[in-house]
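1. Need the 3D shape of this:
(2 chains)
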Amino acid sequence: MAELGAGSLLLGDPAFNYQEAELNERLKRLYPAVNEDETPLPRSWSPKDKYSYIGLSQNNLRVHYKGHGKNHKDAASVRATHPIPAACGIYYFEVKIVSKGLDFLSSLLPLSPIPGWDKHSYGYHGDDGHSFCSSGTGQPYGPTFTTGDVIGCCVNLINNTCFYTKNGISLGVAFTDLPPNLYPTVGLQTPGEIVDANFGQQPFVFDIEDYMSEWRAKIHGMIARFPIGERLGEWQAVLQNMVSTYLVHHGYCATATAFARATETLIQEDQTSIKNRQRIQKLVLAGRVGEAIEATQQLYPGLLEHNPNLLFMLKCRQFVEMVNGTDSEVRCFSIRSPKSQDSYPGSPSLSPRHGATNPNLHSAGADSPTCSNGVTPPNKNKSHNKYPGVSSASSSSSSSPSSVNYSESNSTDSTKSQPHSGTSNQEETRLGENDSEMEIEAEHYTNGVAENPSARIMNGTYKHQEILQAQDISLEDSCASRQLCGGNQAATERMIQFGRELQGLNEQLCREYGKNVTHKKMLQDAFSLLAYSDPWNCPVGQQLDPMQRENICSALNSAILESQNLPKQPPLMLALGQATECVQLMARVRSGSCSFARVDNFLH
Amino acid sequence: MQEVTATSRHYVDRLFHPDPQKVLQGVIDMKNAVIGNNKQKANLIVLGAVPRLLYLLQQGLSSSELRTECVVVLGSLAMGTENNIKSLVDCHIIPALLQGLVCPDLVFIEACLRCLRTVFISPVTPVQLLYTDPTVIPHLMSLLSRSPRTQDYITQIFSHCCKSPEHQTVLFNHGAIQNIAPMLISLSYKVRMQALKCFSVLAYENTQVSMTLVNVLVDGDLLSQVFVRMLQRNLPIEMQLTAAKCLTYMCRAGAIRTDDRCIVLKTLPCLVRMCSKERLLEERVEGAETLAYLMEPDVELQRIASVTDHLVAMLADYFKYPSSVSAITDIKRLDHDLKHAHELRQAAFKLYASLGSNDEDIRKKITETENMMDRIVSGLSESSIKVRLAAVRCLHSLSRSVQQLRTSFHDHAVWKPLMKLLQNAPDEVLVMASSTLCNLLLEFSPSKEPILESGVVELLCSLTQSDSPALRVNGIWALMNMAFQADQKVKGEIVRALGTEQLFRLLSDPDTNVLMKTLGLLRNLLSTRPHIDQIMSSHGKQIMQAVTLILEGEHSIEVKEQTLCILANIADGNTAKELIMTNDDILQKIKYYMGHSNAKLQLAATFCISNLIWNEEGSCQERQDKLRELGFVDILHKLTQALDPNLCERAKTAMQHYLA
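-> All right, here's what the predicted structure looks like:
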């Protein structure tokens, strides 16, 4: 066993690390469905699961025989570190015969002195070319093999068969009805025998990817041709319903209406309700959680009272947004009008977007100059005014106040000329809808996003406000220098007061419902922000990322829907989740076809 | 005469309306009426719609819309029965449509090409019609760049009209390869597929095309790489199979080495997969035939194929059609099975023949396959000539094995059906069967005796009179094998049945193989002293004449060597010796060959002299003296110093006899 420990020996070797990275990449490509946290792939022979007559070297990939080799009793074998995961679908490894002794036995699977002789072990022996299946008597199978030959073993976990290859040529099925959890194994019997394994470290001699492609095509064909028979009409209705409910869920009001019209289906929820939900979602996504809570309480009385956990989550978020300087409770200190905003950093692409136009938008845009005028002078730090995304905005945020001023007024002007600064919506266009509102939106989008922030400098009612979803908002965040609560003293005091209220709420909840670890953690994380001089660049700074608003936003949306006796998740997402879960379950119950039926293969 | 309905008449009448607008409407209505209606199509043809449509089509005054619609209707008519096609061809539709291709209107051209395609892919259309006007092929080549549709139709026409090496050459000379190669990476699957098919037809047994193909680049890739990509397992079977054919033909033409990775690791495994049970019967037939062709000349490929995916066992399934289940459960399936059963069997026999043509282990593996010998035996007497031929090819391939001749061939009495097959068969079957018989008549073959008793001599003698050199060779070869170490009776029978006249005619046969085997027969007949003396006493004069003639003639070393060996055999006889000793001309010739530059001839001639001076009985002294006089001793002396050890040894032995 002197050769062992090669792994640690070579750990610092850059070439080895490079090989390791290459191996990982190749394995990932070969077996994309395998979750290595649950079921690791074999990467080398196991120094533990081997007979003492077996010696390992070269990163535990080379096997040599060091016994007497007088008869079958001296045969010895070694198996790989892990069994073959079912999620591989098709698994393959190769062994090169570096040196052949008198009588060589190479092969596959569980540990027995001579693979193929013991129960649940299978082997292909080089001396006679026979295959052995759980017994000492072989069947004529393939040719014999010797020094210089590369022998491969392919386990098909879809139909539970196995075939071997010799120098890249498939020798045909050797075994059927294989049991699960087989290990790659090799057995040697005479001194001088040396074999090298290739679990993916090197390109294989046999074109396994070609073989896999055939099975992938087979399984995809099976899925595509799944017989639905008489239920064709039924299926269409289900699909339409799925699309419709998805649109409604996320509040794509106009698209949903247009879709319903085209497919002659009905929408469960009424328009106002959809719009209300959308409005609340937008507020959350804009970081104006306080207003969102207020709106929810107003529109859905009792909802938050019945969901204290949700309320607590919202409040925690509100606190975070206060730190961020985005919540209206702190904004009001920097901006005269308590509810007007400079900008609402939308969250990146993932979040739902609103497709409806806002009738009041034009007037909102017209009002903005006054707000803008009032705001500029006292606001020393414009940097946290997040311009969703563009070069002019980012340059202004890093430059002197005067230039900020300029940029602001400039953008205000452009707002006037761009009264339609509603949502830019790629989502709808992708869905293939083409009503006029969207065309306008698309037009607006091409006009550039730079002007948009000022479009949201509006009069008091949030109802008319629109949120711009800019892709590069986070970039904006990172290059701007930010200050706690927008750097305003009064705002900071308000925040601290709010923090105390939050603490109180937590204690109250503890009294009523008992201790809640999640709450405690949430609160801790939120308060931790205050411990750092630059909360945006601290270990818990992640919380300030606008992306973090999405979870709470969808939780709130789901809660509202539930309260209206509507499904809290759109059936489309449910189906998607089910399919994904089902494929994962297939891997766990060792149904190999899961590897070629991956959900993301069908999502484009 | 078919029933002519009034409506059909009406359609035709409208084609004659004076108002062109009405005519156009009439043609469009006719188009809608004939789609999928074979009876309507036949009616319209009988009523003379075709000439009128052709007239409208060729009429310069017709609008391009009308002309296009006319072609569409004609194309629709062509989609019907074979009789429809015949009628259309009889009306000279092909020249008319080819003429139409000159028009600049792409839509019209596409319609013409579509119709031409339909006509040309029918087996009843004479393909020669494509080649009668020499301007047609170049024009079609120029149209290839017009649209994916023209590409699709034109390559289909080429694929179906390329039936001979001449056709291949015409298409090749007009730049088919350069024009079609870019289509292999077309976005349209159809176009890619048709281009591929076209290449498979062009490359088949054509060295010129294959050698050119191998150097063609498509978008920076060698054509062979493009073909290899088309072998990918996730692609449609049709594409894999056709790409494998292209590579096979290129390999057989010597454009790709047989040990190239693309043949060993790609083409061969792909063809083996085509033989699997999962494939359609047609695909299995094509796959097996192509594979047989690919590895026929290369033992290494045969060895690889024999271990690939259990091919030998897989082929046994080819004999299980129609399967017993299908007969009861599914009549349609039974029909399908029956239709392909012969094709499957012959393809399997062909592939077995190819697999077993060189390697003893593979032959053993084949004969050990379930019921294999029984299948061959019954295949030999099947009604289908194709199956009989393939079965006898397979048998021939296996008959090259000494072990199989001794065991399975004898156990299954294969000679019986083989003899039956020889009685009355076309030449190609006869060649294979007689060649197999040659092997069965080898002296160690246990089948030799029963074959002799079945009166095979007459049959073989008649083969030697055949016009086909291959049959003559096989006939005389079999006789040669039969005469090897045979008893007096058999030899007598051969000589009697063949007749000296025929024997000497064969000695002047233009085919060297025939000559060699005839000399071999003579040599085998002239072995053991009593036989030599007996035959020479009755035919000595003619034999000596023939030998002289051959030694004087322009023949290869091998022929001369064989002839000198015959002389050596004659010299071994007791009385026959004198025929040489009294013939000074022959003695001079022997002397000449003892001094020849070729060691083999020297050896054979020395053998002859050695036999003449053999010291056994009284008369040897006389011969020795005569030979010394003629200067043979000096030559022998010289030869004892020869470089060739055999020759040197032989000369020394001869000298010892002199001293004794």
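
2. who's in contact with A:Ser563?
-> A:300, A:303, A:306 (C-beta atoms under 8 Å, 6 or more residues apart in numbering or on different chains). All C-beta spots, glycine's among them, are computed from the backbone N, C-alpha and C.

3. no wait, B:Tyr318
-> B:Tyr318 touches B:284, B:288, B:344-345, B:347-348, counting by C-beta under 8 Å, 6+ apart.

4. now do A:Asn198
-> A:61, A:93-96, A:204.

5. Could you dump those into TSV with distance to B:Ile613 added?
-> As requested, the contacts of A:Asn198 are arranged in TSV below (distance: C-beta to C-beta, whole Å):
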residue	distance to B:Ile613
A:Leu61	74
A:Phe93	74
A:Glu94	69
A:Val95	68
A:Lys96	65
A:Phe204	71
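
6. Of these - the most surrounded one?
-> A:Glu94 (26 neighbours; other C-beta atoms under 10 Å in any protein chain shown).

7. Do me a favour and average the pLDDT over stretch A:91-110.
-> Average pLDDT, stretch A:91-110: 70.

8. cool, stretch B:338-357 as well?
-> In the prediction, stretch B:338-357 has an average pLDDT of 92.

9. what comes up buried for it?
-> B:340-357 (16 or more other C-beta atoms under 10 Å in any protein chain shown).

10. Okay, and which of the residues you listed map to helices?
-> Within those, residues falling in helices by DSSP state H are B:340-355.

11. What is the nearest of those residues to chain A?
-> Nearest to chain A among these: B:Leu355, at 14.3 Å, using C-beta to the nearest C-beta.

12. close enough to count as contact, the closest one and B:Asp361?
-> No: between B:Leu355 and B:Asp361 there is no contact under C-beta atoms under 8 Å: 10.8 Å.

13. Overlap in contacts, these two.
-> Joint contacts of B:Leu355 and B:Asp361 (C-beta under 8 Å, 6+ apart) are B:Ser306.

14. re earlier: can you redo the contacts of B:Tyr318 as a markdown table with distance to chain A?
-> Conversion of these to a markdown table gives the following (distance: C-beta to the nearest C-beta, whole Å):
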| residue | distance to chain A |
| --- | --- |
| B:Arg284 | 16 |
| B:Ala288 | 16 |
| B:Leu344 | 20 |
| B:Arg345 | 22 |
| B:Ala347 | 19 |
| B:Ala348 | 17 |
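
15. What count of nearby residues applies to residue 535?
-> Because you didn't say which chain, this covers chain A. Residues within reach of A:Pro535, counting by other C-beta under 10 Å, total 20.

16. ah, I was thinking of chain B
-> Neighbours of B:Ile535 (other C-beta under 10 Å): 21.

17. Kindly report the same for B:Glu453.
-> Neighbours of B:Glu453 (other C-beta under 10 Å): 8.

18. likewise B:Leu311?
-> Neighbours of B:Leu311 (other C-beta under 10 Å): 24.

19. buried ones in stretch B:21-39?
-> B:23-24, B:26-27, B:30-31, B:33-34.

20. Quick one: residues in contact with it.
-> If you take C-beta under 8 Å, 6+ apart as the criterion, stretch B:21-39 is touched by B:7, B:11, B:14-17, B:40-41, B:44, B:49, B:53, B:56, B:63, B:65-66, B:69-70, B:72-73, B:76-77, B:80-81.

21. what's the answer for stretch A:569-577, then?
-> By C-beta under 8 Å, 6+ apart, the residues outside stretch A:569-577 that reach it are A:241-243, A:245-246, A:248-250, A:558, A:567, A:599.

22. what do you get if the cut-off is 7 Å, keeping everything else the same?
-> A:242, A:245-246, A:249, A:558, A:599 (C-beta atoms under 7 Å, 6 or more residues apart in numbering or on different chains).

23. I'd like those residues laid out as TSV, including distance to chain B.
-> Below are the contacts of stretch A:569-577 laid out as TSV (distance: C-beta to the nearest C-beta, whole Å):
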residue	distance to chain B
A:Met242	30
A:Thr245	36
A:Tyr246	32
A:His249	37
A:Ser558	41
A:Val599	20
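
24. could the residues you listed go into CSV alongside neighbour count and secondary structure?
-> Converted to CSV, the contacts of stretch A:569-577 look like this (neighbours: other C-beta atoms under 10 Å in any protein chain shown; DSSP: H, G, I helix; E, B strand; the rest coil):
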residue, neighbour count, secondary structure
A:Met242, 17, helix
A:Thr245, 23, helix
A:Tyr246, 20, helix
A:His249, 25, helix
A:Ser558, 17, helix
A:Val599, 16, helix
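
25. out of those residues, what pair is the most spread apart?
-> The most widely separated members of the contacts of stretch A:569-577 are A:Ser558 and A:Val599, with 21.8 Å between them, by C-beta to C-beta.

26. ok, then the element right after the longest helix that chain A contains?
-> What stands out as the longest helix in chain A, according to DSSP H, is helix A:489-513. Using DSSP states H and E, the helix or strand that directly follows helix A:489-513 along the chain is helix A:517-528.

27. where does chain A come near chain B, residue by residue?
-> A:142-143, A:168-172, A:207, A:210-211, A:213-214, A:216-217 (C-beta under 7 Å from any C-beta of the partner chain).

28. Which of those residues fall in strands?
-> The strands, defined by DSSP state E, take in A:169-172 from the residues of chain A next to chain B.

29. if we can go back for a sec, among the ones in helices among the buried residues of stretch B:338-357, which one sits closest to A:Arg279?
-> Among these, and counting by C-beta to C-beta, the member closest to A:Arg279 is B:His340, at 69.8 Å.
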